[in-house]
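*Asks:* here's my sequence, what's the structure:
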Amino acid sequence: MSDSPISVETTETSAIQRSLRVEVDAKRVRKAFDRAYKDLGRQVQVRGFRPGKAPRSVLEKMYGGSIGEELEQQLVRETLPDALEQAGVEPVSEPQVDAAQPTAGEPFSYTAVVEVKPAIELPELAGLPAQKPSIDVTDDEVEEELTGLRERRAYFEDEEAGTPAAQGSHVTIDYLGKLDGEPFEGGAAEGATVEIGAGRMIPGFEEGIEGMSAGDAKTITVTFPEEYQAAELAGREATFDIDVRQVKRRVLPELDDALAKELDEELESLDALRERLRNDLAERKEASAKEALHRSLVDALIERTEFDVPPGMIERRLNQQIQRAHQQLADAMPHEELHQRLGEWSESWRPEAEREVREHLLLDAIAEKQGIEVSDEDLQAKLEEMAREQGMDPDRLRSLYDEQGMLEALRAQLGSDKALEFLIAGAKVEEVAGT
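*Replies:* Coordinates of the predicted model:
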């Protein structure tokens, strides 16, 4: 914080915006210019003068424009925090500053437009309606989980000699593609595996291999789709010389006690595996039902509470989501396609980003009204819980959160969780059929 004398005039331009007119006195401005030119004189060499001996008048003529621009930014940077504190304003997004370059020996003034949290008038919180899906686990759902386990542990066996490739067969082939009788780039491979019926190859390719056996060879004719990504191949007819090396079938493990023990030595039987899967499903359904309860309860609160949301908070939330998507998909999607998608998501995700900000502001208001606080003990307990889940040392996890400036964000999230628990305790919850 700077100790420079400043004066601040605050205007409430809307429920979520304040305009601060800040004036920095002439003495502070003069000192800033003096220091700037003194530092500049030591750094630059001016023809005709020894190092550090160029008169200020010469430096002003040569560097006055850039010095003024630098001091404008510096004076705002040094005095804005003091101005916000003096005005009692807590910004929720980056202030928008309008300033002109300062003049030595004269007061410097600028205007900062600041978004602030809205003052929220909460409705009656007791008895808010909410819905929670039931968490019944059916036998069919357990069997679906068992089928999934078998699918994931499937293995492949060679078919007997002469067995033709059929739907679901995995066929190992060598192939050579040709256009007008000539091989083309990218059209050949050795030891490639094709799953018949998977639809991963161009139309007609898998169908051409179906019925072939290990050791068979033939030439098939296919046509590349009009929208094929390689423009030089799109819509063109091509031939492929196919040599089949192997035909394999996919085999699912037997559904028996041995499978259960293979998955976990502690499981003595298939029935024990079924019981574990039932419990796992119940836990997942409970977590999903809890999330649905939270959303329906907050939706009811949002419907009953009118207030403006600072646009800057929405933009920050949306940008966080877009950046996270970019990081997750950067290596999995072509650059141009990814940026097209991100542009589309910037619009389609905006309503949900606004809803999330509304939820944050409402839960924050409830925590404040109800005197809900998060103690250091609460924070430490959460960190220890997270550390156990991640297999980390709690002190190390706390250090990471501290280094990244995330401890207060975690504290705020815990406060929101407590506010939500307060709402649930007084809500009128209806159980509905689960999905």
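
*Asks:* so what pLDDT did the residue in the chain sticking out farthest from the centre get?
*Replies:* The C-alpha centroid of the chain is most remote from G48, which lies 58.1 Å away (CA atoms, centre = their mean). Note for G48: predicted pLDDT of 70.

*Asks:* that one looks like it's in a strand, true?
*Replies:* No: G48: not assigned to a strand; according to DSSP: H, G, I helix; E, B strand; the rest coil it is coil.

*Asks:* what's the distance between it and P55?
*Replies:* As defined by CB to CB, to the nearest Å, G48 lies at a distance of 11 Å from P55. Just so you know, the C-beta spots here come from the backbone N, C-alpha and C atoms, and that holds for glycine as well.

*Asks:* how is G186 assigned, secondary-structure-wise?
*Replies:* strand.

*Asks:* that one: how many residues sit nearby?
*Replies:* 9 (other CB atoms under 10 Å).

*Asks:* for it, what are its contacts?
*Replies:* Contact analysis of G186 by CB atoms under 8 Å, 6 or more residues apart in numbering lists A230.

*Asks:* how about the residue nearest to H170 when sequence neighbours are not counted: which residues does it bridge to?
*Replies:* Using CB to CB, 6 or more residues apart in numbering and skipping the chain neighbours, the partner closest in space to H170 is K248 (4.5 Å). Judged by DSSP bridges, the bridge partners of K248 are D158, H170.

*Asks:* tell me where the model's unsure across the protein.
*Replies:* The chain contains residues with pLDDT under 70 at 1-4, 41-43, 50-53, 58, 64-65, 435.

*Asks:* domains of it?
*Replies:* Residue ranges for the domains of the chain, per automatic domain parsing: 6-115, 155-251.

*Asks:* who wins for proximity to D376 among those domains?
*Replies:* Judged by CB to CB, the one of the domains of the chain that comes nearest to D376 is domain 6-115, at 22.6 Å.

*Asks:* and that closest one, end to end?
*Replies:* 21 Å (CA to CA, to the nearest Å).

*Asks:* which helix runs longest in the protein?
*Replies:* helix 270-303 (DSSP state H).

*Asks:* figure out how far that helix is from the centre of its chain.
*Replies:* For helix 270-303, the separation from the chain centroid amounts to 23 Å (computed by CA atoms, centre = their mean, to the nearest Å).

*Asks:* show me where the stretch 51-200 of the chain has strands.
*Replies:* Along the stretch 51-200 of the chain, the segments classed as strands by DSSP state E, counting those that start in this stretch run 96-99, 108-115, 129-133, 155-158, 170-179, 182-195.

*Asks:* which among those strands is found nearest to E385?
*Replies:* So among the strands of the stretch 51-200 of the chain, strand 129-133 is nearest, using CB to CB, at 23.6 Å.

*Asks:* now for the closest one, which elements pack on it?
*Replies:* If you count contacts as 3 or more CB pairs under 8 Å, 6 or more residues apart in numbering; DSSP states H and E, strand 129-133 packs onto helix 270-303, strand 428-432.

*Asks:* E315 is nearest to which of the ones you listed?
*Replies:* Nearest to E315, of all those, is helix 270-303, at 19.5 Å by CB to CB.
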